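Engineer: could you work out the structure for the sequence below:
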Amino acid sequence: MKCLVVTTHPLSDSLSKQLTHQVVNQLEGMGHEVVTEDLYGQAFNPALTVQERASYYRGSYEVSGVTEQVERLLEAEGLVLLFPTWWFGFPAMLKGWFDRVWGPGIAYDHASDFGPIKARLDRLRRVLVITTLGSPWWVDRLLLRQPQKRVLKLALLGTCAKRSKLTYLTLYKSEDLNQAQITKFSKSIEQALMRWH
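Structural biologist: Next comes the predicted model:
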């Protein structure tokens, strides 16, 4: 498959970056074609521009500022998102990537009456999310009911990539980990990717 790996962390020595290397190495080792989108490394601007927003409902979305990112997304059959969860939400860089790159005419089409949107990311079949979270599991799952997972599954993939299958892996209490816990999580990633045939 053609796989797009989107990694989002400002620190080059972060666990997110370490896990990114693992993912890329495994996918390439399995024979997949891999393109990495390092949002911080590329100094991606997450702010939706005036021109982009003004063009949202005018028939032709302004993509000149994100042309390469759009091409990589449209070619992807597999997508891996690696990021830290901050305040139970996406980092601004990743949220901005969704805002600017998953635009009309790219990820979806507006309905003529501006009702439910129509999916366009038909090539995208597999999505793996790998995120770290400082809180314990019960805060995310029981109190907040996994807000990011719901947004990804229902709002983004559920409307733009209906054929895709989501696997969501969260490493909880990530600020207080030992090597055994990291190794166990890495094994979970390895097993999830082994299903990408």
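
Engineer: can you give me the helices in this protein?
Structural biologist: Counting by DSSP state H, the chain has helices at residues 15-29, 50-54, 67-75, 92-101, 137-138, 147-150, 157-160, 179-194.

Engineer: any chance of those in JSON lines, with mean pLDDT, distance to Ala43 and mean neighbour count too?
Structural biologist: Yep, even glycine has a C-beta here, placed from its N, CA and C like the rest. Output for those, formatted as JSON lines (pLDDT from 0 to 100; distance: least, CB to CB, whole Å; neighbours: other CB atoms under 10 Å):
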{"stretch": "helix 15-29", "mean pLDDT": "95", "distance to Ala43": "16", "mean neighbour count": "17"}
{"stretch": "helix 50-54", "mean pLDDT": "93", "distance to Ala43": "18", "mean neighbour count": "12"}
{"stretch": "helix 67-75", "mean pLDDT": "96", "distance to Ala43": "13", "mean neighbour count": "16"}
{"stretch": "helix 92-101", "mean pLDDT": "96", "distance to Ala43": "10", "mean neighbour count": "20"}
{"stretch": "helix 137-138", "mean pLDDT": "78", "distance to Ala43": "34", "mean neighbour count": "12"}
{"stretch": "helix 147-150", "mean pLDDT": "90", "distance to Ala43": "24", "mean neighbour count": "16"}
{"stretch": "helix 157-160", "mean pLDDT": "94", "distance to Ala43": "26", "mean neighbour count": "18"}
{"stretch": "helix 179-194", "mean pLDDT": "94", "distance to Ala43": "27", "mean neighbour count": "14"}
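
Engineer: JSON lines please, covering these and showing distance to Val127.
Structural biologist: Listed next are these as JSON lines, based on distance: least, CB to CB, whole Å:
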{"stretch": "helix 15-29", "distance to Val127": "13"}
{"stretch": "helix 50-54", "distance to Val127": "24"}
{"stretch": "helix 67-75", "distance to Val127": "12"}
{"stretch": "helix 92-101", "distance to Val127": "13"}
{"stretch": "helix 137-138", "distance to Val127": "21"}
{"stretch": "helix 147-150", "distance to Val127": "11"}
{"stretch": "helix 157-160", "distance to Val127": "6"}
{"stretch": "helix 179-194", "distance to Val127": "11"}
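
Engineer: out of those helices, nearest to Asp113?
Structural biologist: When the helices of the chain are compared by CB to CB, helix 157-160 sits nearest Asp113, at 16.0 Å.

Engineer: any residues touching that closest one, and which ones?
Structural biologist: Residues outside helix 157-160 that contact it (CB atoms under 8 Å, 6 or more residues apart in numbering) are Trp102, Ala107, Tyr108, Pro116, Ile117, Ala119, Arg120, Leu121, Leu124, Val127, Ser164, Leu166.
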